[in-house]
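Participant: No letters, just coordinates:
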Ligand code: SF4
Ligand code: SF4
Ligand code: FES
Ligand code: FES
């Protein structure tokens, strides 16, 4: 069944732009990205849009659909009514390049600030041995497709540009959690999370979890456990004393 | 001014969109419900804490007044003694309420709920907050949220006491054991919900096993951690049920005490 849908798409660049209205044909079973592609093919050949896999796996097609950070390729048209006008804008937390394409390099910069896995000095790569249940817990975090929807929705930087300096964002909190929970990682990720990556700025309001297309339970399984680990080493006098006496921290 | 109030969602270089948000769904319903429930609870519990009456009727004590630690407590209500003696002249409820209050105020879930609903930070996802600056939980007073675990431990003590109160409810109004009234069920349900709330707590999950780096070296704690993690999934639900439960339990006891309702005997 073919119908005509009402779309409002943001067109513009870093200097200026506006929402433009279009009527576009929609077929059974299509997703928002299909419609954007049809728009590009039939009405606006210069519309800039970033995409790659069309399967929710590359993380390229992030945008905001009716004001909610979503993957365009995973947002089905049948979730909207026929009368509804569907608004599509670029991610609003990052600088726009053109139309639906934003500059997400903030995230690459933040990625570089997290030191890579660092194994025990006495083991060479290839000699690492660990048990399945010890690595299992952080597997969830490796599902991340780096769509940066969580980073985009996080109010800490979305609503406060000035916080970008100090705040790594939810995507990198799951990275820090993954490393801190890794049985062989040796760096102090807890103190780093709080002192260098701005974990304390997160107020656990869970928007990152709400938008993650991989359904990673970012807040419950990474951020809150990291906050608790930070308390262990920084804000819990009893544990601090215990660690001095027993000389063990990581367990 | 409108721009200024909407934080930096309009920062130069970002897509130029003046609207604070473009959501079309009813994102304001959730925060509204949160405000309604929490404000009702605060009003009710404040009134009850200051009322200083109708909190004990054999064999029940209201969860708002247990343990009752001052000499001014009504006869029979102080199963744990009256260490505060007679110098405490205000309602004995005020001696203890700070603990459950602190526990809930610092709870990770309630933090989410009230930061969103009351502080509007953010009111909903991708809806710009009204504050010009934001530092999260990095400084006073919010850095004190890190004390949640101490309130968690205190909460456990209260759970034990309130469970004991539920056991005492297997007496009848004449003090004989082996009976059950509707009030017994009310106190049992209240204690159960409070345990579920505490056991599903994020700090509990962390303490039981979450803090470990090597699950394989701690098989028992690992097993417990997987169980607590399942409960933890439902923590928000338990937070609301136990909150409403405690108020209803108090209201039931008040109603029996004032004669507003009769406590039906089951056996
Ligand atoms: S839970 Fe924390 S990191 Fe996630 S969106 Fe909210 S403030 Fe940002
Ligand atoms: S954590 Fe989820 S929302 Fe964030 S970048 Fe990864 S996949 Fe995207
Ligand atoms: S195109 Fe790859 S995630 Fe949408
Ligand atoms: S009681 Fe809610 S997280 Fe601890």
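Facilitator: Thanks, I have the structure now. Small disclaimer: the values here were computed from a predicted structure and weren't measured. Ligands and ions are numbered 1, 2, ... in the order given.
Participant: residue contacts, the closest residue to residue B:92 other than its chain neighbours?
Facilitator: When the adjacent residues along the chain are set aside, residue B:92 lies closest to residue B:70, with 4.2 Å between them (Cβ to Cβ, 6 or more residues apart in numbering or on different chains). The C-beta positions use only the backbone N, C-alpha and C, and glycine is treated the same way. For residue B:70, the contact set (Cβ atoms under 8 Å, 6 or more residues apart in numbering or on different chains) comprises B:82, B:84, B:85, B:86, B:88, B:92, B:95.
Participant: Rank these by pLDDT and give me only the lowest.
Facilitator: Between those, the one the model trusts least by pLDDT is residue B:85, at 85.
Participant: Thought residue B:73 was touching it, still the case?
Facilitator: No - contact between residue B:85 and residue B:73 fails when scored by Cβ atoms under 8 Å: they sit 11.0 Å apart.
Participant: between those two, which one's more packed in?
Facilitator: Neighbours per residue, other Cβ atoms under 10 Å in any protein chain shown: of residue B:85 and residue B:73, the larger number sits with residue B:73, 25 against 10.
Participant: Surely that one is in contact with residue B:92?
Facilitator: Yes - between residue B:73 and residue B:92 a contact is recorded at 5.2 Å, counting by Cβ under 8 Å.
Participant: Common neighbours of these two, please.
Facilitator: Taking Cβ under 8 Å, 6+ apart as the contact rule, the neighbours common to residue B:73 and residue B:92 are residue B:65.
Participant: Run through the stretch 101-250 of chain A and note the low-pLDDT ranges.
Facilitator: Judged by pLDDT under 70, the stretch 101-250 of chain A has its weakly predicted residues at A:247-250.
Participant: ok, and the closest non-adjacent residue to residue B:249?
Facilitator: Leaving out its chain neighbours, residue B:249 is closest to residue B:190 (Cβ to Cβ, 6+ apart), at 4.0 Å.
Participant: Likewise for residue B:253?
Facilitator: Setting aside the residues directly before and after it, residue B:253 is nearest to residue B:62 in space (Cβ to Cβ, 6+ apart), at 4.5 Å.
Participant: and the residue of chain B nearest ligand 1?
Facilitator: When Cβ to the nearest ligand atom is the measure, chain B has its nearest residue to ligand 1 at residue B:136, with 7.1 Å between them.
Participant: For that residue, give its distance to residue A:154.
Facilitator: Summarising the geometry, the distance separating residue B:136 from residue A:154, computed by Cβ to Cβ, to the nearest Å, is 11 Å.
Participant: tell me, what's touching the two both at once?
Facilitator: By Cβ under 8 Å, 6+ apart, residue B:136 and residue A:154 have these common neighbours: residue A:202.
Participant: quick one, which of the two is more surrounded?
Facilitator: Just comparing residue B:136 and residue A:154: by other Cβ under 10 Å the higher neighbour count belongs to residue A:154, 30 against 24.
Participant: OK, contacts around that one?
Facilitator: Taking Cβ under 8 Å, 6+ apart as the contact definition, residue A:154 lies against A:93, A:169, A:170, A:202, A:207, A:208.
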